[in-house]
Structures are given as structure tokens and as C-alpha cells.
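Enquirer: Next come a sequence and a model predicted from it.
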Amino acid sequence: MSRTHVSAVINGEPTDFLCEPQQTLLDVLRDELNLTGSKEGCGSGDCGACSVILDGRLVCSCLMLGVEAEGHTIQTIEGLATGSTLHPVQQKFLEHAALQCGFCTPGLLVATKALLDRNPNPTETEARYWLAGNLCRCTGYDKVIRAVMDAAAVMRGEKSA
Amino acid sequence: MTFIEKKSKLKVVGTRPIRPDGVEKVTGRAAFGADLAMPGMVFGKVKRSPHAHAKILSIKTEKAQALKGVLAIATTADFPNIPSEEAFVGEGPVNFRDLSRNCMARDKALYDGHAVAAVAATSEAIANAALDLIEVEYQVLPHVIDVEAAMAPDAPLLHDDLFTQGVDPKPTKPSNVAKRVHFELGDVKAGFREAEVLVEGTYATQPVHQAYIEPHACVASWNADGQSHVWTSSQGQFMVRAYCAKLLAMPIANLRVTPAEIGGGFGGKTLVYLEPVALVLSRKAGRPVKMVMSREEEFRGTGPTSGAVVEVKLGAKKDGRITAAQAVLKYQAGAFPGSPIGPGCMTGFAMYDLKNVDITGYDVVSNRPKVAAYRAPGAPIASFAVESAMDELARKLGMDPIALREKNAARDGTKAAYGPTLKDIGYVETLEAAKNHPHYKTKLGPNQGRGVASGFWFNIGGESSAAVHITEDGTVAVVSGNPDIGGSRASLAMMAAEVLGIPVERVRPVVGDTSSIGYSFMTGGSRVTFATGMATVQAAENVVEQLKKRAAMIWEISADAVEWRDGKAYPAGSNAGDFEPLSLEAIAAKSAKTGGPIGSEISINAQGAGPGFGTHICDVEVDKETGYVKILRYTAVQDVGRAIHPSYVEGQVQGGVAQGIGWALNEEYVYDAKGRLENPGFLDYRVPVASDLPMIEAVLVEVPNPKHPFGARGVGEVPIVPPMAAVANAIRDAIGIRMPSLPMSPPKLRAAIDKAAK
């Protein structure tokens, strides 16, 4: 199969890759670029484990083709921390024990960042509905939601990290 | 080590440090099953039966083999035909012949999704294309899906050599009933004669999938000399090693298994599906082979737990004292025998101190995927029925449901119907805490209701290994033999730190592969913090003894004259001599001169896992127009022995409750008339999402288990036992309708509301 040359900005870095026409963006991230932090839990856009931010929008990378990334800016879980400094949502997930197995965690973190970028002061209900596309089978979401609300407060500057 | 009774003496146990594997997991660096890539690696895929029940007449692979990029094809002909051999492994029986045939069908396909062939190719796309070129000729046979239909005398038979065990005389004709089990205590007939109030009911549950978010995934590398290596996401690297070696008739020492991070299991990763197939493909292809299941394959080919029909009858005096309890349980096993009928029968009434009990169970095969363990296997099903019946009994007696349970609760010294006498248990403490919780006293509005239910799980101990090594600078490495599925590395590190008297940040735990740590039974049965924790504590104690000896050598005094506290060696009293304390770091720095590296590996068979009990309170609101049930508030009280890391204990409780709510309200398998699964995906198989649930309050009651050095008991399984009945009882309270069949989904509830209105 012939492969297409694609240029995109991934986690702030200009990135070129070759991909086959049927490869999803998730396949490209995982198999071509070794960015295996994005996970495949369903391949049908139902579980959210593959969540990435595309030009500021939260998308399931399993529902998008790799070739469609041409010219776009993509942020994955690997780009969430700044160097060795964790993003507040990462720090709060750790502090609140908001992960057990950790498989859905990258997707939940990326989705949470997208939420807080758009709505820095969500209600618990808003957070629950925004994250309804990210399945977690371990936690029952309690500690996840607490971590999200706490991270939001830190990012608003209402409390220190 | 003797049991430390006073909590105030503990410095690390009971605190909430950040888990040692946390940063890797929030940055996407943790390597799960599908994340490994090897040089020369190719991709394997499985071809699955589209029929619920069919004879395999022929498999033609020539066309697939001819496709460019295809390196190997495997069918049942590539697997040894191993004899029927049943072993009881952990929480359930395993028959290796059946397990082999579940990994790759032989002669017959027994369910929609049953593996019939596999292919390895240079890309996943080519492998998928090759699957379509494999020609399987089937003779479709009549099938049976539901449990009671499978028990009927004229039902289509799955196995013509299956004769019901546990009946006397042995049947002369095969059937789909693999086993009958029976437990009896006292005289149930006399108990019912004594009763002043009777309740009776028949309850049904649906099979539900474990629905871990990470699909099964592995990489297998078979070397020319037969030595092989498997990297896999499973609940036990030693389980994978043992099962693969058995199924492929290879020496165990020729197989090394490295555990990947595991993305959820809940019992669903306690069997092998892909690993033996990947090994065969790797052997034939001469390349490492990676295999990852799709979500559809997960639903069609793995798990779930049993669906069931359970009949319950209770008799009681007017004061609430139960005089007799009877149950008949019929559990689906899927295509091969092995439902959790035994634990189902044993757990149903285990919360209660009963004099007269009679329980009969049936293990029934039908044309569904072979069931796998799911969190407290068997118990939630039995408890849904028993705890619904208890609620009916409380209503009939006009008693508070907690008071009824207190009246009959198992206490220290209660003889359980399944045999043992219970000791050091905390059931009444959970009832007490539930009764006194503010939740239980709040007022409810229209169409709102409150339900209470309790649950029991044995918890297990078993074989575990752990090692504690002091590094050259006095920091500590802990190695365990159990995949960490929900925070066990944190709890093991904490227990080691507690014994050594150092901060937990100086202890770094890892999960070893099968050649770097001694045998450990799999992560299941809520056993790791208890059993592997016990091994870790013993290893750390050995290390402390060595540290005392080294200090004694440095001071040139007797080792008996050295004390260890707060991470330092001290002379034991003034008679021992006047020395400055020696820290762990100082002793480690001199270890080469005092006898070499300091460390200990311990392998044990841990006994004394204390059973766990929980009592849940659930408030719901029913939308009578749509049949939608909203969970308003949920409180889960559980005796956890002693919480090593309370946050992860709470997490186990909250997660178990959420799964139970999914089981109660939404999750089910939908089959068409041909026995094909119609909802093999997360869109149509509806697990709870964040917006479905409220906060779930976990109340940890601590009745320490004296058999564990820090009082721990297993916590992971109890919380999934009560929710189905708690929700059903709340619906009953809200709208006066008893829902005896799961899931209590909007269409079913709406139909029940319509029927009641007529």
C-alpha cells in the first residue's frame, strides 16, 4: 500500500510521518511515532482512552485517520507535563488516588485538560457530563471527579498546588 | 511477626502516600500489554466462529497462506490434544483440555466468537485480510443460550461426554448439567414448619462482562531452542506460564513470562486466550508475534461471569429470627463447565447465623463464551436473590431491614452452612455503622426509595513470594510476584517501610517476571495485600535481623544486644555498650565488609485470610414515565480489617459499587435467534459512565484480621456483592415494585410499571 506523507505539530514539535490510508491517528501515534500513552480500548469512539486534543478540540484519535492530521496541532498525554513538572491535573490525579490500573488515565487527563481549558470553573455535574465519554472501570469516578474539581481550583489560583 | 494491634504504633500503614507507579501512569509512560514492540515483530489475529454451535468439517488455509505477508497459520492441529484434567486453581476449577479447546476450537465451535484459526502476518491489515481467506466449512447444529433451556431434557447437547457430577447414581445419559452441588445444615423442613412467616421468590441475573478497558494483549517470542518469552497483561505471570506450558506440553522452565502493566482485570484476566496461540504462531513464523484483541473479540470471546436463575425461600419467626433458608441456584458456565456455582452456594447465606439451610446448585453449559472469574465470583448473583428476599421478609415482618439483619447476623463463632466456623469477623460492625450513618436518616421525596443489602466474600491467601533488597546507599528495592492491578505496589512498599522504620519514598517496589522472583499465585481473590504483603513483611523482618547482625559486627557486640527502631540500630540498653545509633544507610555502606549484600526473598503459602463483609445503603429516584433509575446517594460500609493505604481501599470499594450498579441497571448480553451476540461493544453494552453516578461514600470499618501482621483483610471483591440487591430494594421502596430480574433497565422497569398499573 502506498503511504502518504503527513506534517503536523505534535506536542509542540513539528512532526512528519508516513502513513497508510487506513491507519487511524491512534495507530500512527502508537505504531509510527511510539507515542503509546494514548490507548485503544474499543476502536469505536466509545471509551475515550485514545483522547487527544486537536487544534484545541477534544477528539478520539481512533475515529480520525492519520492522513487527516495534515496541518493540524495535536496534543497527547505525552505533552501534558512541562518537562519534569506535572500539569496540575496530573498532580491532582496522583494526590487523590484517582487511578487504579491507570489504563484509562491518559484519556481522562487529556479530556480533563480540554474541559478546564474551555471551562475553568465547572460544576460537578458539568465535569461528570464532559467526562462521560471516558470509561473507567476501576474507580467508580468518585476520586476522578474530586481530582478534577481540585485541579480546577488550583488552576484558577484559588488554592496552591 | 506478631500482629500489631495498636494503630497508634504504625507510622506508614494507614497513611496516604502517592503511589510509586503513579507518575509513569499519569504521563503515559507505563507500558501496558499492547505497548511493547520487538525487532522483527509480526501481528497475529484470530478467526472466530460466526455460529453459536457448529461442527467444523474442514479448514482450508491455502489461499490465506498464499497472501503476501502471511507468515504462519495456526489451527487446532497445531495444539496437543490434551486429556481432560481438572485442577482447582484459586477461585475456580480449570480443566486444561477445556482451556485448550477454548483457546482454539477442536471439532466443534461452541459459541459465536469461538476461536477456530489464527494467522500471523507482517501487518495487522494483512493479518485481517488473511482471516477472510481462511475457509471454514461448518455444519450448523441446534444451539441453546439460556440456562433453564439448556437444562431441559431435549436441549441440544454441547458435549456428548458430559455426565452430571454430584448425583447418585451416575447418570447414564449426557446432559448440559456439568455438576450438582449441595450444602446442608440442620433440618430445613423442620425449620420451615417452625416458621411463622414465609417469603419465596425466583430471581434472574444476566451474564456481565468484566469490561476492563484494556483488551487482552501479548507478545510471544519462541526461540529455535524452544526457550520462549511472553510479555503479557494478565492477573498472573505464573498463571500464564503454567497454563501455556500445560497447553503446549512444554517444560515450564523453558517459558519466561514478563508481566506488563495491567489495564484492569476483575477476574477476566485469570485465564489464557491469546498467549498459547501467539506462542504457536511465533514458533511457526520464526518471529516474535504480537496479538491484541478488539473490543468485539473481548465481548464475543472472553469472560463474562454467569447469568443465573436463583430460587430462594426463607422462613422466620415473627420476631425476625430466621428458622430456615433454602435456595436452588442454576448458573451458566458458558461453553465449558466451570461456573462459580460452588462459591455462589457458599456465599448466599454466609452473612447469617442459620440453623437450617439447604442449598442446591447446578453448573450448566450453553452456547455462550466460557465464563471467567468476575470479582467475588458467584457471590453477587446469589446475594442479589437472598438480599432481595431478605428485604421482602423485612417488609412482611414490618421490620427495619438493618434490624432484621442484625437479628440474624453471623458473629464470631457462627458456623457457616458451607462448613467453617467464622472468627474475627466484622459483619455486625458494618450494620451498626450503616444504621448510625447520617445517610440512613435522611428524608426521601416522591418516587424516591432507599435500599439496604449486605455481602460476604471469603478472601483468599495462598502462595506468594516477595523479596526485599537493601541497595548500596540504603534505599530499598521490593520485588513481588503479583501484577499490581489497583495499587498493591504502594501497599507492599508501605508494609516494608513500616517494618524497616523508614519513609516509604525510600522503598521502590517492582513486579518481577517469572524468572526474577519465586512463584506467586495470581492476583485474585483479594489476596495480594494480605498474602504477598505477608511475604513482604517476613522478608523485611529477615532484613532487619541481618541489619542488627551487621551493626553488632561493627560494634563487636552480640546481635541480641542490638535493637532496631526508626530505621536505625541501637544498643539494647546500657549493658550492650555506648554506641551512636547506626542508620540503615551507614550499615548498607559497610555491607561489603560485613558479609555482603543484605536482602531476603520469602516464599510462603499464606493462611488466615479473614472473610470480608459489607453493608450498602442506596437511594434512588425512579422516573415512572421512562423507567429510568437515578442513583441519588450511595454509601458502602465495609470491614476492611485494617486499611494499609486507605485511598486505594476506598477506591476498591467505590469501583466495586460502580460495577455493581452497572450490573443492576444496564449491563446485559443480547443474543439473536441464531445465538449471535448483538451488542459486542461499549455503545450497546452500557457500563456506567461518570454522569450515571453520584459520589460513592466508602466507610471503612476496621476490625483487624489477627492473622496479618497489620490486620489487613482482602477488600477488592466484597463491594460488588451487595449493590444489585441494594438498588432493587431501593426501587421496591420507591415505587412498590419488586424487580426480580436484572438488569433493571428502563424498558424492563417501564414494562413492570405498566403491568402493575393494570
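Expert: It's in.
Enquirer: Could you use CA atoms for every contact and neighbour count after this?
Expert: OK.
Enquirer: Nearest to chain B within chain A, name that residue for me.
Expert: Going by Cα to the nearest Cα, chain B is nearest to residue A:37 of chain A, at 3.8 Å.
Enquirer: Any regions of the chain where pLDDT drops low?
Expert: No chain in the question, so chain A it is. Within chain A, the segments meeting pLDDT under 70 span A:1.
Enquirer: ah, I was thinking of chain B
Expert: Short version for chain B, where the test is pLDDT under 70: B:1-2, B:5, B:88-92.
Enquirer: starting at the chain centroid, how far to the lengthiest helix in it?
Expert: The helix spanning the most residues in chain B, taking DSSP state H as the definition, is helix B:533-555. Between the centre of helix B:533-555 and the centre of its chain there are 34 Å (Cα atoms, centre = their mean, to the nearest Å).
Enquirer: Stretch B:659-672 now?
Expert: Distance of stretch B:659-672 from the chain centroid (Cα atoms, centre = their mean) equals 18 Å.
Enquirer: same thing with stretch A:87-97?
Expert: Centre-to-centre, stretch A:87-97 and its host chain are 14 Å apart (Cα atoms, centre = their mean).
Enquirer: And the contacts of it?
Expert: A:80-81, A:99, A:109, A:112-113, A:143-144, A:146-148, A:150-152, A:154-155, A:161, B:17-19, B:22-23, B:26-27, B:647-648, B:651 (Cα atoms under 8 Å, 6 or more residues apart in numbering or on different chains).
Enquirer: picking that back up, helices or strands next to the longest helix of chain B in the packing?
Expert: For helix B:533-555, the packing partners by 3 or more Cα pairs under 8 Å, 6 or more residues apart in numbering or on different chains; DSSP states H and E come out as strand B:462-470, helix B:488-500, strand B:562-565, strand B:568-571, helix B:584-589, strand B:598-606.
Enquirer: can you give me the angle it makes with strand B:598-606?
Expert: What separates the directions of helix B:533-555 and strand B:598-606 is an angle of 150 degrees, with axes from the mean of the first three to the mean of the last three Cα atoms, to 10 degrees.
Enquirer: quick one, helix B:533-555 and helix B:488-500 angle?
Expert: The directions of helix B:533-555 and helix B:488-500 differ by 40 degrees, with the same axes, to 10 degrees as the criterion.
Enquirer: Dihedrals phi and psi, residue 73?
Expert: Since no chain was named, I'll use chain A. Main-chain torsions, residue A:73, degrees, to the nearest 10: phi -110, psi 130.
Enquirer: The intended chain is chain B.
Expert: The phi/psi pair for residue B:73 (degrees, to the nearest 10) reads phi -130, psi 140.
Enquirer: Surely it is in contact with residue B:65?
Expert: Yes. When contacts are counted by Cα atoms under 8 Å, residue B:73 is listed as touching residue B:65 (7.1 Å).
Enquirer: what's near enough to touch the residue nearest the centre of chain A?
Expert: Nearest to the geometric centre of chain A sits residue A:110, at 2.6 Å (Cα atoms, centre = their mean). Contact analysis of residue A:110 by Cα under 8 Å, 6+ apart lists A:51, A:52, A:53, A:58, A:76, A:77, A:80.
Enquirer: Could you provide the residues you listed in a markdown table, with additional columns for distance to chain B, neighbour count and secondary structure?
Expert: Compiled in a markdown table, the contacts of residue A:110 are given as follows (distance: Cα to the nearest Cα, whole Å; neighbours: other Cα atoms under 10 Å in any protein chain shown; DSSP: H, G, I helix; E, B strand; the rest coil):
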| residue | distance to chain B | neighbour count | secondary structure |
| --- | --- | --- | --- |
| A:51 | 12 | 31 | strand |
| A:52 | 12 | 29 | strand |
| A:53 | 15 | 21 | strand |
| A:58 | 17 | 20 | strand |
| A:76 | 9 | 25 | coil |
| A:77 | 6 | 28 | helix |
| A:80 | 7 | 22 | coil |
